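Undergrad: predicted structure and sequence below. I'll ask about it afterward.
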Amino acid sequence: MTRVLLVRLAWMVPILFGVSLVAFTLMRALPGDFAQAAAGTADVSPEALDAIRRELGLDRPIWEQYLHWLGQIAVGDFGTSFVTDKPVLGELLPRLAVTFELTLLAGTMAMLLGASSGLASARFRGRTDWVVRGFNGLLLAIPNFVVATLIVLLAGLYFPEVGIFNYVPFLEDPIGNLGSMLLPALSLALAVSVTISENTRAAVLEVASQDFVMVARAKGLHSGAVLRDYLVRNALTPVITVTGLQLAQLLGGSILIETIFTIPGMGQYLFDSITSRDYPVIQAIVLVAAVIVLLVNVLVDVAYARADARVSYG
Amino acid sequence: MLDKTTPNIEFPTQLALAQGAESVHRRTLLRLALVGGAFSLAPMALAQSGTPRRGGTLTIGADADPIGLDPVTVTAFSSYDFTALLYTGLLRWNAEMKIEPDLATGFLTPDDTTYIFRLRQGVKFHNGQPFNAEDVKHTFDRILDPANPAPNANLFSGIKAVTVVDPHTVKFELKAPSATFLSYLATNPMGSIVPRGATDLKTKPVGTGPFVFESYEPNQQFTLKRNPDYYEDKQPYLDTVVFKFFKDQASLASALRSKAIDMTWFKDPKVSAQIVKTTRDLVSAPGKTSRTFPVWMNVKAKPFNDARVRRALSLASDRKACLQTVLGGSGKVGAMVPESQVGGYDGVGPMPYYKHDIAAAKKLLAEAGFPNGIDLGDYIVVAANALDVQCAQILQQQWAAAGIKVNLKPMETAPLLSMWLKGEFGLLSVALAWSADPDVIVSRLSSAHPHGKAMGMDDAALDKLIVDARSILDNGKRAAAYQQIQKHIAEQAYVLQIYQYPLRWEAWRGNVKGYVPLAANIRSFVRTTWLDK
């Protein structure tokens, strides 16, 4: 197991190398650059724009810029933001923590909501099933940024005393921080919970139709025990896979949610740096996000082995 | 223009220079001021009810972060709100968009190319360093540095020399008479004065403005503190000004409703009107129009090189319908020069090819060889600006009625700008934010300008009109010159101006007093703002 883990971790290096190359070249392949984006429609002479590009090293050949950037990263330097003129890493880490908290909260909410509603749906069928699936269909149809915008608008209109935009750092005021994260995390969790719910329902129903469950019931096991030891445990594997896959969606969704709720996380940072063509920031975020997704995939594999005794690595 | 009856003379030694004062000879007026005549324009801000109260924090909702805070190197419009509070210049715009002295107390113009400014005494920069004529010279040396010219260097390229006469007198010599020089000096950040010896103003700004830089957390908030050494009596009234950043218009609206912010501006006048209507105790002021919505055409490319096709497009456009539908009527029919410039000329006179006339458009197209209509390909608009996209959709339908087909293509801003400036488009709409002088706007259509060149402009008569208008010092004559330019552009239909409106539709809470929205789209009047309990 340990060896397999190490091999998988080692594989991350070439993958990350590829990601860095793609992130670097794709951003530069997009038309429009920082100097242009910053100047907007202001009447800035082409010479002045070139001077800005020269100062940022954007006039050098792309391969040279890339090698320079790789060299920096090798020594843990992610470069300086074009916009703020500050080191990227120093601005990225606190944002990463915020996004981590948001995704963690949203992930937990999605798991709880999705697994319990899916389970209830499969277990009780009938009216419960209709209600749960009806809600799921509705949530699936409405993108989560619409839900978030609705929450923001309605709360502003009817409960102006609820400070939606009073984000406080966790270290300053943990309770207040959780309070300010609740609505954003919920709007992020809803869409993901649907997928988990539907998958849980399907997995439980499938397992429930299997012979060993019938045998368990036939030998007079308590229905709670059947549910816990036979149904849930066996239904867990597909649910874990789906939850792991949903993490990428959570990270992507956080871009919109953070922008709408003005939470100073990585998503908002990425959104801003893409519009302003702040290459060092975009590249750093893409790399960090890639590391996270890869690590989570490894964790999911570990979780499989835990949940399903049939799975073993090497 | 000059109001001598106002009891509220805040700057008794100051000269208020009204650009539109045609009746009084300019030079006489200036001399009067220098021998101690007390003139002052009554700033609208001070005319508002109540006695200003000191103290408090004003929280402003902003939709974009600044990119750099050094007024000499800054190019981003989003930085201007901040530089406007941190730095001041020799002159400034007042609420009526007239020029008045700021760091200068007045100036003499012995001839049309020489300006001698007397400077305020006892002014200090935020770092405690005293302000004097050397700083003025230093600022313009930096802007015009031949080795490393500032992005705005082209605005001041008419300056021959800046000389320090004595610590409180500075002389500007121009290469030729210039009507734009004072406008640029009055505009923040172009005319902002920076201190000698300061390094890294980009992140550590040091100016003479009413507020001092305190802290900045990107995407979160920007905090300014009251400048206790500010040179205008009792101002500023606020202790702290906080900008909070909201990238989403709906979030901005909610923040204003829930009192998370005291003041903001909206892109959509309909949204602003709605919020003010549905929320108690909000004030909204439209301000003068500063933004125009143009349709740029690539006049070097077929079929736009045929004036008949361009004119047909102009005739097929129902400008009033666009204005009504998109802005709910809050604006005016489009002009090259919006009304906030050159003495309030709004450009809404009878213009050639402005009348909506589909039959005439079809006839012109037929003459140009397209009797069965024409497909003009992509029409590119800024996807991020909902108003622009709406207007473009309406235009698309209007043009279709005249047999003109376009494919609407909303696009991200950065690539759109690059296509626009390189002339790689057929039809494209990108609106201009406020410019310091009408010359900046019309110069884009000059064949000598890089942008005009990229669009394929080649009109010697227009070039001459543009160059000549730059040196007309009389404001009335200048307005007439720009009307002529505007007519010429409409006659040739180089650009279709659809409508003009205030870029910023500002709104603030009822307890915020003394604030005036400025057509220059900067928040200069936070300096006179105070909070009523």
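TA: Done, it's in.
Undergrad: tell me the SS of the residue in the stretch 301-450 of chain B that chain A sits nearest to?
TA: When distances are taken as C-beta to the nearest C-beta, the stretch 301-450 of chain B reaches nearest to chain A at residue B:414, 2.8 Å away. C-betas here are computed from N, CA, C, even on glycine. Classification of residue B:414 using DSSP: H, G, I helix; E, B strand; the rest coil returns helix.
Undergrad: residue B:282 versus that one, what's the distance?
TA: Counting by C-beta to C-beta, to the nearest Å, the separation of residue B:414 from residue B:282 is 34 Å.
Undergrad: counting neighbours, what do you get for the residue of the stretch 301-450 of chain B closest to chain A?
TA: By the other C-beta atoms under 10 Å in any protein chain shown criterion, the neighbourhood of residue B:414 contains 20 residues.
Undergrad: same thing with the one 3 residues further on?
TA: When counting by other C-beta under 10 Å, one arrives at 22 neighbours for residue B:417.
Undergrad: excluding chain neighbours, what is closest to it?
TA: Excluding the flanking residues, the one nearest residue B:417 by C-beta to C-beta, 6 or more residues apart in numbering or on different chains is residue A:36, at 5.3 Å.
Undergrad: assign the one you found to helix, strand or coil.
TA: At residue A:36 the chain is in helix, as set by three-state DSSP.
Undergrad: so where is the stretch 201-314 of chain A shaky, pLDDT-wise?
TA: For the stretch 201-314 of chain A, the stretches flagged by pLDDT under 70 are A:309, A:311-314.
Undergrad: just give me how far the lengthiest helix in chain A sits from the chain centre.
TA: Longest helix in chain A by number of residues (criterion: DSSP state H): helix A:88-124. The chain centroid and the centroid of helix A:88-124 are separated by 8 Å under C-alpha atoms, centre = their mean, to the nearest Å.
Undergrad: tell me which helix or strand comes right after it.
TA: helix A:126-141 (DSSP states H and E).
Undergrad: CA atoms only: put that following helix into PDB for me.
TA: These are the backbone C-alpha positions of helix A:126-141, laid out as PDB (Å, rounded to 0.1, in the frame of the first residue of the first chain):
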ATOM      1  CA  GLY A 126     -43.200   6.400  -2.300                       C
ATOM      2  CA  ARG A 127     -43.900  10.000  -1.400                       C
ATOM      3  CA  THR A 128     -40.500  10.700   0.100                       C
ATOM      4  CA  ASP A 129     -38.900   9.500  -3.100                       C
ATOM      5  CA  TRP A 130     -41.000  11.800  -5.100                       C
ATOM      6  CA  VAL A 131     -40.300  14.900  -3.000                       C
ATOM      7  CA  VAL A 132     -36.500  14.200  -2.900                       C
ATOM      8  CA  ARG A 133     -36.300  13.600  -6.600                       C
ATOM      9  CA  GLY A 134     -38.500  16.500  -7.400                       C
ATOM     10  CA  PHE A 135     -36.200  18.800  -5.400                       C
ATOM     11  CA  ASN A 136     -33.100  17.200  -7.000                       C
ATOM     12  CA  GLY A 137     -34.500  17.800 -10.500                       C
ATOM     13  CA  LEU A 138     -35.200  21.400  -9.600                       C
ATOM     14  CA  LEU A 139     -31.800  22.000  -8.200                       C
ATOM     15  CA  LEU A 140     -30.100  20.300 -11.100                       C
ATOM     16  CA  ALA A 141     -32.000  22.600 -13.500                       C
END
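Undergrad: tell me what it is packed against?
TA: Applying 3 or more C-beta pairs under 8 Å, 6 or more residues apart in numbering or on different chains; DSSP states H and E, one finds that helix A:126-141 makes contact with helix A:88-124, helix A:174-208.
Undergrad: residues of that helix that come out buried?
TA: Of the residues in helix A:126-141, those buried under the neighbour-count criterion (16 or more other C-beta atoms under 10 Å in any protein chain shown) are A:129, A:132-133, A:135-136, A:139.
Undergrad: how about stretch A:239-252?
TA: Applying a neighbour-count criterion of 16+ other C-beta under 10 Å, the buried positions in stretch A:239-252 are A:239-247, A:250-251.
Undergrad: which outside residues touch it?
TA: Contacts of stretch A:239-252 from elsewhere in the structure, counted by C-beta atoms under 8 Å, 6 or more residues apart in numbering or on different chains, are A:99, A:103, A:106-107, A:110-111, A:115, A:188, A:191-192, A:195-196, A:199-200, A:203, A:267, A:289, A:292-293, A:296-297, A:299-300, A:303-304, A:307.
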